[in-house]
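Trainee: predicted model follows, preceded by the sequence.
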Amino acid sequence: MPVLDIEGLTVDFTTRMGTHHVLKNVNLRIERGEIVGLIGESGCGKSTLAMSVLDINTRNRQMSGQILFMGEDLQKLSRERMRELRGRHIGFIPQASMNALNPLVRVKKQFTETLRAHVDMPEKEMVTLSRNMLSLVSIDPERMNAFPYEFSGGQRQRLMIALSMLLSPELIIADEPTTALDAMIQLQIIDLLKNMVREKDTSLLVISHDLHTISRICDRIYIMYAGRIVETGTKEEILRRPRHPYTQKLLSSRLPLMVEPVRLKGIPGRPPSTLKVYQGCEFLERCERGSELCREKKPPECTGSARVSCHLCHVEG
Amino acid sequence: MKMNENELVRISSVTRMFRSKRLFKGSSSVTALDGVSLSVEKNRILGIIGESGSGKTTLAKLILGLLKPTSGVISFADLKDGKGRVRKPEVQVIFQDPYDSLSHMMTIEEIVAEPYLIKHKSPCNGDKVSSVLEAVGLTPVDEYLHKYPRSLSGGQRQRVAIARAIITSPDLIIADEPISMLDASIGVDILNLILEMNEKLGITFIFITHDIAAAAYICDNIAVMNSGKIVEYGSRKQVIVECQNLYTSSLLSAAGADFIFSENKKRKAELAIKQVC
């Protein structure tokens, strides 16, 4: 049984400006112990997906489709049950999580507070558990009584990882865990994430716009564009044989470490508006290989065995 | 101090300390820059790489004159303008975060025209604004002139920041982490724009970054900083292929430069083969 199974998830938000179509028929599946990457540019709906799973973005939201967590339909759960699930069974490392810790509360209290909300255990055990967790992320347990601002950015990120794993949840969602960190700290953090996940045998959904950094730890990768999954595959498939033009461009816009000067091109144009309903392919405006077919018909969805959502790839076979 | 023909700015053994005074606790001091010497060559792009806290931004602020060095001298070359008069180079800056560095109460036109107004004490005409917006690739210009920064994407905002830096035709632009807040594919476009400005307008750039790949992409010379000192300095090739310093090589391997090392080895192997033949 997969840990997380999302089927046909469509999320719209109604605002004064109209209806924003943020997620469109998303299918995503995470098996036990798997590290799955969700990659896309800013505004493509990655974080909305994470928040929809956790059900923390209910305002003005219309949602259809199914989210199964350990075989349980999350939309049918009561708010109280959902609250129990969060933190206990689904850990969340929010974006800019360095700022997600309460600056006025000591680290120790923030850890025991989380434990107290979910399990019934004596204070002493809570502290021991927290201390063990801190040493796992290589932070001196003696610093438990410090305030978050006394830690550096990378250390705070590690605190967040420790906090989200405190109760050994089955699934952890990490939203941009490495953005805004230095190159070397980035590597430390993702290696830490990987080790922790392997050790605790949990699953990890890691969200990022940086395909290259994140792909180091992923087993499988989903590429998202304008609220739709456009390509999926194992890490090797995506990195070595990308098929969707968007994935290819994402890969080629990476800066290579070259001695001789080369010129690269970014992806031309800008992401499509979420307000617009597209009849054909969303990527058409920025695609060099688009044809009449792409304008008229939606490319096939990434479901089942189909792993790329593009007319071209299906014509070519 | 006599300066080299090609030099634009020379930084000689500059040290900068920050003192913090706390009530009842006495004072403590942090040495942000420790005897840094560096020269910025004309019409080149100089990269400064380092982790956070290594003193990159302090160095930028010293060159901009926003901070004064505790000891050491920063000297600027004398430039001759068309009429034979001597002047000092003009410096502009592009900040890291395009979401914070543009005033959200002003339209793009006002933002871009402001530095010109401050420098010349007279408002600039619309054509000038249009031409710089065109130069940074914000076309059609009319669409952007009356917009506010909030309706632009991160990459577009950074272009506006570059436009307002070039409107006064500066000789040197300091770009402090201009791409770290942007998506990878947009970052490449911004780097290309910096290269274009360097080639077409002959503007010297100091490019501050923690991303060694980005520095390798656009810089002619690279200085690597670690805890307030310059630990390695050289041309792009020297720093990337023949790096001597341990810190630099760890930065390189963090950027996934394994293939560079293997290429290096490959070349050594080729050389060995040639010698045998």
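Mentor: Great, that's in hand. Predicted model only: the values in this text are computed from it and were never measured.
Trainee: all strands for the stretch 1-150 of chain A, in order.
Mentor: In the stretch 1-150 of chain A, the strands defined using DSSP state E, counting those that start in this stretch lie at A:4-15, A:18-30, A:35-39, A:61-69, A:72-73, A:90-93.
Trainee: which residues touch residue 182?
Mentor: No chain in the question, so chain A it is. Applying CB atoms under 8 Å, 6 or more residues apart in numbering or on different chains, one finds that A:Asp182 lies in contact with A:Gly154, B:Glu51, B:Ser52, B:His210. Bear in mind the C-beta positions are built from the backbone N, C-alpha and C, glycine included.
Trainee: actually chain B
Mentor: Contacts for B:Leu182 (CB under 8 Å, 6+ apart) come out as B:Pro98, B:Gly154, B:Gly155, B:Gln158, B:Ile190.
Trainee: out of those residues, list just those in helices.
Mentor: Using DSSP state H, B:Gly154, B:Gly155, B:Gln158, B:Ile190 are the members of the contacts of B:Leu182 that sit in helices.
Trainee: about what we covered before: of the contacts of B:Leu182, which is the most crowded?
Mentor: With neighbours defined as other CB atoms under 10 Å in any protein chain shown, the most crowded of these is B:Gln158; it has 30 neighbours.
Trainee: what secondary structure does the residue most central in space within chain B sit in?
Mentor: With distances taken as CA atoms, centre = their mean, the residue of chain B nearest its centroid is B:Phe207 (2.3 Å). For B:Phe207, the assignment made with DSSP: H, G, I helix; E, B strand; the rest coil gives strand.
Trainee: which helices and strands does the longest helix belonging to chain A pack with?
Mentor: Secondary structure of chain A per DSSP H: the longest helix is helix A:183-200. Helix A:183-200 sits against helix A:153-165, strand A:203-208, helix A:211-215, helix B:246-254, with contacts defined as 3 or more CB pairs under 8 Å, 6 or more residues apart in numbering or on different chains; DSSP states H and E.
Trainee: show me what the last one is packed against.
Mentor: Helix B:246-254 makes packing contacts with helix A:183-200, helix B:212-218, strand B:221-226, strand B:229-235 when contacts are defined by 3+ CB pairs under 8 Å, 6+ apart.
Trainee: average pLDDT for it, rounded please.
Mentor: Per-residue pLDDT values over helix B:246-254 give a mean of 78.
Trainee: same deal with the second one?
Mentor: What strand A:203-208 shows for mean pLDDT is 93.
Trainee: hey, C-alpha coordinates of that strand in CSV?
Mentor: Taking Å, rounded to 0.1, in the frame of the first residue of the first chain, the C-alpha atoms of strand A:203-208 are listed here in CSV:
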residue,chain,number,x,y,z
SER,A,203,8.9,8.4,3.1
LEU,A,204,9.8,11.9,2.0
LEU,A,205,8.2,14.3,-0.4
VAL,A,206,10.7,17.0,-1.2
ILE,A,207,9.6,20.1,-3.0
SER,A,208,12.1,22.4,-4.8
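Trainee: anything in it near chain B?
Mentor: No: Strand A:203-208 is not in contact with chain B by CB under 8 Å from any CB of the partner chain; minimum separation 10.1 Å.
Trainee: now that strand against strand A:18-30, angle please.
Mentor: 140 degrees (axes from the mean of the first three to the mean of the last three CA atoms, to 10 degrees).
Trainee: relative to helix A:183-200, how tilted is strand A:203-208?
Mentor: Using the same axes, to 10 degrees: strand A:203-208 against helix A:183-200 is 160 degrees.
Trainee: and stretch A:162-177, end to end?
Mentor: Terminal residues of stretch A:162-177 are spaced 13 Å apart (CA to CA, to the nearest Å).
Trainee: list the buried residues in it.
Mentor: Neighbour-count burial for stretch A:162-177, counted by 16 or more other CB atoms under 10 Å in any protein chain shown, picks out A:162-167, A:169-177.
Trainee: just stretch A:297-309 next, same as before
Mentor: Buried residues in stretch A:297-309, defined by neighbour count with 16+ other CB under 10 Å: A:Lys298, A:Pro299, A:Glu301, A:Cys302, A:Arg307, A:Val308, A:Ser309.
Trainee: what sits against B:Cys77?
Mentor: Residue B:77: Ala, not Cys. Counted by CB under 8 Å, 6+ apart, B:Ala77 has contacts B:Met3, B:Glu7, B:Leu8, B:Val9, B:Arg10, B:Lys42, B:Lys88, B:Pro89.
Trainee: again, 6 Å this time
Mentor: The contact partners of B:Ala77, by CB atoms under 6 Å, 6 or more residues apart in numbering or on different chains, come to B:Met3, B:Glu7, B:Leu8.
Trainee: try B:Ala184
Mentor: Contacts of B:Ala184 by CB under 6 Å, 6+ apart are A:Ser253.
Trainee: what's the local residue count around the nearest residue to A:Leu101 once chain neighbours are set aside?
Mentor: In space, and not counting its chain neighbours, A:Leu101 is closest to A:Pro148: 4.0 Å by CB to CB, 6 or more residues apart in numbering or on different chains. Counted with other CB under 10 Å, residues neighbouring A:Pro148 total 20.
Trainee: cool, and B:Asp100?
Mentor: 11.
Trainee: out of everything not next to it in sequence, what's closest to whatever residue of the stretch 1-150 of chain A ends up closest to chain B?
Mentor: Nearest residue of the stretch 1-150 of chain A to chain B, counting by CB to the nearest CB: A:Glu41, 4.7 Å away. Once flanking residues are discounted, A:Glu41 sits nearest to B:Asp183: 4.7 Å by CB to CB, 6+ apart.
Trainee: in this structure the one you found contacts A:His209, no?
Mentor: Yes: B:Asp183 lies in contact with A:His209 (CB atoms under 6 Å); the separation is 4.9 Å.
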